[in-house]
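A.B. asks: Okay, here's the prediction I keep looking at, along with the sequence it came from:
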Amino acid sequence: MNVIEAIKTRRSIKGNFLDKPVEKEKIEQVIEAGLWAPSGQNQQPCRFIVVTDPELLAEIEAEMFRIGETVKKLLPIVGLFKKELSGEKGRRAVKSVRPHAFHGAPGLIIIGAMSDSSSTYRKDCSLAAQNMMLAAHELGLGTCCMGWITTIHKSKALTAKLDIPKGFEICQAITIGYYDTDKTPKTPQRKSVDEATTWFLKDEAGE
Ligand SMILES: Cc1cc2nc3c(=O)[nH]c(=O)nc-3n(C[C@H](O)[C@H](O)[C@H](O)COP(=O)(O)O)c2cc1C
């Protein structure tokens, strides 16, 4: 698979995971791909927490759901303080709150950094996440970004269980697992280059 093909054929897998554990070596390969992502000043702030323990996965899901439901109830108030949860954006965000956020995936990789580690750690984690999803795709594994994961820092019990130190920020997470490739989701539409781009081109004649 070449890179462009991998970019275009990777899908967010939201179900149809197989009852087949992901080998530790494959997870290591995925994390290594994350570590090869660019990072500001090559500071490499990203750290990874891998969870395949079903009980712990269920506990994280339950906590995300509990926090999501609370945010849903308090949305008009939360929206006043958190720009990203105000108005329509907030209403759309809470729509994705569901009891089984991981869609049955057998694994989760949390990606984060110490907030004092670098000035670009959030961007670095996002870049790492995309590398990881592409590498997983190449390895025949399905992934999906998990937006609400950032809420779990609110749970002292869970952060203690996950060995998350004070000052560590969860930036991203991806689910991971083998899935039924015959049931790969349909390709969602993308904007055209024209729709998304403003050009300031050098004159073709070079004048
Ligand atoms: C930052 C971010 C957060 C996301 N959070 C969720 C989520 O919590 N649950 C979910 O099912 N999908 C989530 N997604 C996946 C998107 O729904 C998906 O990327 C989008 O619909 C495009 O589909 P594709 O990835 O298959 O091209 C998230 C994606 C991103 C980039």
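C.D. replies: Here it is on my side, so go on. Residues are numbered from 1 along each chain as shown.
A.B. asks: average pLDDT for whichever strand or helix holds Ala128?
C.D. replies: Using DSSP states H and E, Ala128 maps to helix 121-138. Averaged over helix 121-138, pLDDT sits at 98.
A.B. asks: Flag the shaky bits of this structure, pLDDT-wise.
C.D. replies: Within the chain, the stretches with pLDDT under 70 are 206-207.
A.B. asks: on that earlier part again, which other helices and strands contact the helix holding Ala128?
C.D. replies: In this structure, helix 121-138 packs against helix 3-9, helix 24-35, strand 107-114, strand 141-145, strand 168-178, with contacts taken as 3 or more C-beta pairs under 8 Å, 6 or more residues apart in numbering; DSSP states H and E. All C-beta atoms are positioned from the backbone trio N, CA, C, and that covers glycine.
A.B. asks: Quick one: closest of those to the ligand.
C.D. replies: Each of those was scored for nearness to the ligand using C-beta to the nearest ligand atom, and the closest is strand 141-145 (3.6 Å).
A.B. asks: wait, does the closest one make contact with the ligand?
C.D. replies: Yes: interface with the ligand: strand 141-145 contributes 144-145 (C-beta under 6 Å from any ligand atom).
A.B. asks: elements contacting the next helix or strand after that strand?
C.D. replies: From strand 141-145 onward toward the C-terminus, using DSSP H and E, the following helix or strand is helix 156-161. Counting contacts by 3+ C-beta pairs under 8 Å, 6+ apart, helix 156-161 packs against helix 54-73.
A.B. asks: what residue is smack in the middle of the protein?
C.D. replies: Note on the chain: the residue nearest the mean C-alpha position is Cys145, at 2.9 Å, using C-alpha atoms, centre = their mean.
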